[in-house]
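*Asks:* Sequence isn't available, so here's the structure alone:
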C-alpha cells in the first residue's frame, strides 16, 4: 500500500528555534531513500506505507536523542486503491486546471 | 516508545455518511487491545508506537476493503521522554486547573 | 454557516508543561459561550463560523499574552450543507452502530 | 497578528477526484491577494490573521457552492511574537543547515 503523507514535527521544551530538528528529520527521510519535499509548514513524503512510517518513527527517535523531551507531530496521510498517484501528479493536476 | 495519538479517518468517494467506516475503525482499535476514546472529530489512542501504528494501518486496509477508493486521514501524535503520561492524566491536569 | 472544529494549541518555547495554556484556551471558549469539550489531544468546538474562529484567534492572543513567543496549532474543521449535525449526534451515530 | 498557515480542504460526497475544488481554493487565495504556495498535500498561506481566515471561510463557501455537501478541512497555523518570519525564511533556514 502506497501512501502520500505530509509530516510536521514540533519539538516542545527546546526553545523557539526548531530548524535544527527539522533538518535532522530531512536527513532521516533522505537516508531512508524516500521521495520527500520540504515546504513552509511540513514535508511531503511518498512511498510504501511501512517505509514511510518507519522513517516517521525514526524522526521521533532522532529528535528525542537530540534532546527534545517532548514532540507533538501532525500527519496527513492518504491512500487510494482506484489508481496510483504520485505527489508530482497531485500538484500537476491542479496546476493544469489553474493554467487552463 | 509510548505514543498518544488522535486519529481522524476520512473516506473519500463514498458519499457524505461516513459513520460506518468510523465504526469499523473503532472495532480495529478495540481488537488491537488499544486504549482508545472516540470524540466528535477523531479518536484518542494510546499505546506502544508499533501497536498504535499497526492498528492505524489496519484501519486504512479495512476501510478500503469496505469499498472506499480513497482515504485522507489526519493524525496528531505525541511522544515524550521526560516522563510517562496517559490520556487520562492529560485531561485531568487541565480539569484540576479549571476547577481550581 | 455552522462549523464543528477540533483545536489543538501547542505553545513553543515555554517548556514541556503546556496545561496552563490549554486551561486558558478552555476559558476563552467558555467565555465565548461556545459548546466545547476537551479530550486528550485537543478540544471539540461547535458553533457559528465567525464565533468559532473569533474564539480561536482569542486563544492565540491570550497564549501569547501569557508569555509564549511561538504557537503552532492544528485545526480540523467541518461544514455541511446537506443537514445540521451536532457534535453529540456525530458521536451517537457511531455509538449506535457499535452497540448494534 | 501575522500567521503562517497550511490548509488542506477535503470535499466529501463528490467522488474521488477533488482537484477542481482545490483549484477553486487556489483562486480564492489569489483573489484575496495572499501569498500562497500549493504542495502535494495542502497549501501554505501567509498574511494577516483576519485576511487569511476570511479567505479560508471563502474557500468553504465556494466549495459548497460548487456542489460539495460536506467538507472536512485541516489547518496548521503558527503565530509568533518574538520576530517576523516569512514562509520563505522558514524553508531557507532549513535549507542552509542541510547544505552546510
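*Replies:* Perfect, thanks for sending it. Quick caveat, the model's predicted, so the values are computed rather than measured.

*Asks:* where does residue A:18 land on pLDDT?
*Replies:* Predicted confidence (pLDDT) at residue A:18: the value is 91.

*Asks:* Might you report the residue contacts of it?
*Replies:* A:10-11, C:12 (Cβ atoms under 8 Å, 6 or more residues apart in numbering or on different chains). For glycine as for every other residue, the C-beta is placed from the backbone atoms N, C-alpha and C.

*Asks:* So what does it look like in phi/psi?
*Replies:* When quoted as degrees, to the nearest 10, the phi and psi of residue A:18 stand at phi -120, psi 10.

*Asks:* Next: residue A:85.
*Replies:* Reported as degrees, to the nearest 10, the phi and psi values for residue A:85 are phi -150, psi 130.

*Asks:* okay if I get the contacts of residue A:18 as TSV plus distance to residue D:81 and pLDDT?
*Replies:* As requested, those are arranged in TSV below (distance: Cβ to Cβ, whole Å; pLDDT from 0 to 100):
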residue	distance to residue D:81	pLDDT
A:10	17	97
A:11	19	97
C:12	11	95
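
*Asks:* Format the residues you listed as JSON lines; extra columns: distance to chain D.
*Replies:* Formatted as JSON lines, those follow (distance: Cβ to the nearest Cβ, whole Å):
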{"residue": "A:10", "distance to chain D": "9"}
{"residue": "A:11", "distance to chain D": "14"}
{"residue": "C:12", "distance to chain D": "8"}
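
*Asks:* out of the residues you listed, who has the most neighbours?
*Replies:* With neighbours taken as other Cβ atoms under 10 Å in any protein chain shown, the top of the contacts of residue A:18 is residue A:11, carrying 25 neighbours.

*Asks:* give the contact list for the residue nearest to residue A:2 when sequence neighbours are not counted.
*Replies:* Of all residues not flanking residue A:2 in the chain, residue A:48 sits nearest, at 6.2 Å (Cβ to Cβ, 6 or more residues apart in numbering or on different chains). If you count contacts by Cβ under 8 Å, 6+ apart, residue A:48 has them with A:1-3.

*Asks:* So which of the contacts of residue A:18 is the closest to residue D:61?
*Replies:* Checking these against residue D:61 with Cβ to Cβ, the nearest one is residue A:10 at 30.5 Å.

*Asks:* Does the helix or strand containing that closest one pack against any helices or strands, and if so which?
*Replies:* According to DSSP states H and E, residue A:10 maps onto strand A:2-12. In terms of contacts (3 or more Cβ pairs under 8 Å, 6 or more residues apart in numbering or on different chains; DSSP states H and E), strand A:2-12 is packed against helix A:19-31, strand A:42-48, helix A:49-65, strand A:70-80, strand C:2-12.

*Asks:* tell me the contacts of residue A:49?
*Replies:* Applying Cβ under 8 Å, 6+ apart, the residues near residue A:49 are A:1-3, A:79, B:57, B:60.

*Asks:* Filter those down to the buried ones.
*Replies:* A:2-3, A:79, B:57, B:60 (16 or more other Cβ atoms under 10 Å in any protein chain shown).

*Asks:* got the angle between the strand holding residue A:10 and strand C:70-80?
*Replies:* On the basis of axes from the mean of the first three to the mean of the last three Cα atoms, to 10 degrees, strand A:2-12 is oriented at 140 degrees to strand C:70-80.

*Asks:* quick check, distance from strand A:2-12 to the centre of its chain.
*Replies:* Its chain's average C-alpha position is 4 Å from that of strand A:2-12, according to Cα atoms, centre = their mean, to the nearest Å.

*Asks:* Quickly run through the sheet partners of it, with directions.
*Replies:* Strand pairing for strand A:2-12, using DSSP bridges, gives strand A:42-48 (antiparallel), strand A:70-80 (antiparallel).
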